[in-house]
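**Q** Dropping the sequence and predicted coords here.
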Amino acid sequence: MTTVPRPFIPVARPFIGEAEKRAVLEVLDSGQLAAGPRVEAFERAFADYIGARHAIAVNSGTAALVVALQAHGVGPGDEVITTPFSFIATATSIIASGATPVFVDIDPFDLNLDPEKVEDAITERTKAILPVHLYGHPARISELAELAEDFSLALIEDAAQAHGAEHAGRRVGTFGTGCFSFYPTKNMTTGEGGMITTNDDEIARRARLIRNHGQEVRYRHDLFGLNWRMQDLNAAIGLAQLEQLEGWTRARIANAERLSSLIRGFETPRVRDGDRHVFHQYTIRVPRDRDQLQQQLQEAGIGTAIHYPVPIHQQPIIRELGLGEGAFPVAEAAAAQVLSLPVHPGLQPEDVEFIAATLNRLHG
């Protein structure tokens, strides 16, 4: 009897279909490759989807963070409160703006910035609060927005992983200034790209200038800026992807719910009442032998990833801040235990059952 090998299940898989291919070819045929009408159309469509007055397209999620910080006037001598448990760009964008990241430990419920610890970190130098909606689960954004208002601080949401996530019926990226990423593994992609969302007319104006060498009138540079512009090629992909995003999101949520119903013996993701988790990642906690389990799943044909193995404050580039082991125990414990499983919309029902059954078997 011959057994047909099971295809490997990747932890992430971007979807590029005929609509995206046609859209790119149309741009190539048009001769308008740089920022043009498709970027403007993508900005309008994304602003409508999020429910924001403005959307400003840039060329990466990191660019979105840097431009948003600069648009809010964050610069040398300022402090920005953020999480130590995220991708490094959350912190390096603050450093790139000339400010200092001030880390606050995370909430063990969702691994997002803990609002109850933020107020104690506010000083006279604090300019902004920068939470991350990690894995696609909203941070406790209403509480953070209230803190920002009480202390007259900017609220900049790192929503790189949270397209379509909601808190109390309102999409993230509308509570403050939203920063999204369209990297290929995200819930939607433009190849590379990012988006800033805001309801503030002046922040939107400044962001548009900063992404374009600080110029509103050609060859007149009123603000310091660089080339952070998105191209029409990327925006064309984004327009096609945005039309499919809600269907993909519903598939991610269904896959996550099925995984949680089948997996035994591990702490699975939790969703706070009133929130919509869009499951950019489905991340479990593995208290012991996490790396060994990851290797066993790889050998069984299941791709996984660790988001993130080292907290930001323990990264070599951040050590000069003098924050050693034990500074943020909740974040450090998470870094030692988290393991992301496939949850993308390309999974078939039998894939989901295979992932859960394999995990349960290896756990014994």
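**A** Thanks, I have it. Numbers count the residues shown, from 1 in each chain.

**Q** Now for this protein, the helix or strand with the poorest mean pLDDT.
**A** strand 215-217 (a mean of 92; mean pLDDT, DSSP states H and E).

**Q** Can you give the contact residues for that strand?
**A** Strand 215-217 has contacts (C-beta atoms under 8 Å, 6 or more residues apart in numbering) with 205, 208-209, 221-222, 225. C-beta here means a position set from N, CA and C on the backbone, and glycine is covered the same way.

**Q** quick one: strands adjacent to the helix or strand just after that strand?
**A** Using DSSP states H and E, the next helix or strand after strand 215-217 towards the C-terminus is strand 220-221. If you go by DSSP bridges, strand 220-221 pairs up with strand 215-217 (antiparallel).

**Q** re earlier: farthest pair within the contacts of strand 215-217?
**A** Farthest pair in the contacts of strand 215-217 (C-beta to C-beta) is 205 and 221. Separation: 14.7 Å.

**Q** Just the helices from the stretch 1-150 of the chain, written as ranges.
**A** 18-30, 37-50, 61-71, 89-96, 115-118, 141-150 (DSSP state H, counting those that start in this stretch).

**Q** What is the burial count for the residue lying closest to residue 278 once chain neighbours are set aside?
**A** Spatial nearest neighbour of residue 278, excluding adjacent residues (C-beta to C-beta, 6 or more residues apart in numbering): residue 136 at 4.0 Å. Neighbour count of residue 136, defined by other C-beta atoms under 10 Å: 29.

**Q** Residue 273 too?
**A** By other C-beta under 10 Å, 5 other residues sit near residue 273.

**Q** Which strand residues bridge the closest residue to residue 198 other than its chain neighbours?
**A** In space, and not counting its chain neighbours, residue 198 is closest to residue 177: 4.7 Å by C-beta to C-beta, 6+ apart. On the basis of DSSP bridges, residue 177 is bridged to residue 156.

**Q** isn't residue 177 right next to residue 159, touching?
**A** No. Residue 177 lies out of contact with residue 159 (C-beta atoms under 8 Å); the separation is 9.8 Å.

**Q** What is the biggest helix by length in the chain packed up against?
**A** The residue-count maximum for a helix in the chain (DSSP state H) belongs to helix 232-262. When contacts are defined as 3 or more C-beta pairs under 8 Å, 6 or more residues apart in numbering; DSSP states H and E, helix 232-262 sits against helix 18-30, helix 37-50, strand 282-285, helix 349-363.

**Q** what do you get if the cut-off is 10 Å, keeping everything else the same?
**A** helix 18-30, helix 37-50, strand 54-58, strand 282-285, strand 338-341, helix 349-363 (3 or more C-beta pairs under 10 Å, 6 or more residues apart in numbering; DSSP states H and E).

**Q** of all the ones you listed, which lies closest to residue 145?
**A** Per C-beta to C-beta, nearest to residue 145 of the helices and strands packed on helix 232-262: helix 37-50, 15.7 Å.

**Q** Give the buried residues for that closest one.
**A** For helix 37-50, the neighbour count (16 or more other C-beta atoms under 10 Å) marks 38-39, 42-43, 45-47, 49-50 as buried.
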